[in-house]
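> heads up, no residue letters with this:
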């Protein structure tokens, strides 16, 4: 049985802020590339959730680093659900978003 995929509501805000930044600073083509890479990363998480390492020294969140953009996707896994919790820049405070429930 495949696990369902859910997103914390603030991930949409995280995503929109990043897309707006790339659109304004580098143009719509870069924003489109970011979106495509994000979607690919989500597909990779769905296909192989345990392939990605744990984030920091705790064993709660896993992380997927985007290939060409300096952003991380942090997610939780349970037997039934993969939950995307945070999308953030790698230079952002390491604890950003970890209190989300």
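Happy to help now that I have it. Treat the numbers as computed from the prediction; the structure is a model and nothing was measured.
> Only C-alpha atoms from now on, for both contacts and neighbour counts.
Noted.
> List the buried residues in the longest helix anywhere in the chain.
Using DSSP state H, we find that the single longest helix of the chain is helix 28-47. Buried residues in helix 28-47, counted by 16 or more other Cα atoms under 10 Å: 30, 31, 34, 35, 37, 38, 41, 42, 45, 46.
> how about the residues you listed in TSV, adding distance to residue 86 and pLDDT?
Below are those laid out as TSV (distance: Cα to Cα, whole Å; pLDDT from 0 to 100):
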residue	distance to residue 86	pLDDT
30	21	98
31	18	98
34	16	98
35	15	98
37	16	98
38	12	98
41	13	98
42	12	98
45	14	97
46	16	96
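> that older thread, please give the centre-to-centre distance between the helix or strand that comes right after the longest helix of the chain and its chain.
The helix or strand immediately downstream of helix 28-47 is strand 62-65, counting by DSSP states H and E. Its chain's C-alpha centre and that of strand 62-65 lie 7 Å apart, by Cα atoms, centre = their mean, to the nearest Å.
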